[in-house]
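Visitor: Okay, predicted coordinates and the sequence, questions at the end:
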Amino acid sequence: GINWLFPPIVNAFRTLRRYTEEHGACQTQLILNDSFEPSGTIPVRFHSVEIWNAETGKLAGGELGYTVGGMYSSLTGFTDEDAAGSVQLAALGKLLIQCGFIRWDLGMEMEYKRRLGAEMIPRQEFVAEVHRTRVEDMNLVLRCNGRRNAKEIIDFDRPDIDVVKSK
């Protein structure tokens, strides 16, 4: 059906992803204060996160997202099998921890995100965290090194990532 991923947006994401693969990252302007004066650039990387069914070999779910500094932002996701979206989110959360990310913007509030542990934070706090993580952690890179088993990623033993969304 019709959704927000209409052809011009899909083409833009493909171009940005291809640029990310070829050059390691896109660049965006860094603004450090209310003067809106540029203070350098920050790498922006676009990602496709996928869950494949090992038995059928078919794509079961996934999402598009991007990283800027120490924050990963989910843009959109889909699922073709029961629980595939939840497995994908759990594996991505653990992968973000392994790579050193400290914030995850899940976008708009939805019940299933709350059930997975997401919390709403005040907009002012969210914006402050975005600015802080972009500056302090600007060189973090989300790496998966090819296909990995979701269970192995999920079983990675570290404290849970701090999941937040903007109000």
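Guide: Cool, got the structure.
Visitor: Now do the strands in the protein.
Guide: 26-31, 38-52, 59-68, 71-79, 103-105, 119-121, 163-166 (DSSP state E).
Visitor: Identify each buried residue in the longest one, please.
Guide: What that stands for is strand 38-52. 42-47, 49, 51 (16 or more other Cβ atoms under 10 Å). Every C-beta, even on glycine, is put in place using the N, C-alpha and C of the backbone.
Visitor: returning to that earlier point: need the least confident one among the strands of the chain, by mean pLDDT.
Guide: When the strands of the chain are ranked by mean pLDDT, strand 163-166 comes last with a mean of 50.
Visitor: sorry, back to before: same list (the buried residues of strand 38-52) but as CSV, adding distance to Gly146.
Guide: Output for the buried residues of strand 38-52, formatted as CSV (distance: Cβ to Cβ, whole Å):
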residue, distance to Gly146
Ile42, 26
Pro43, 21
Val44, 22
Arg45, 17
Phe46, 18
His47, 14
Val49, 13
Ile51, 14
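Visitor: and which of those residues is nearest to Glu136?
Guide: Distance to Glu136 across the buried residues of strand 38-52 (Cβ to Cβ) is lowest for Ile42, with 11.2 Å.
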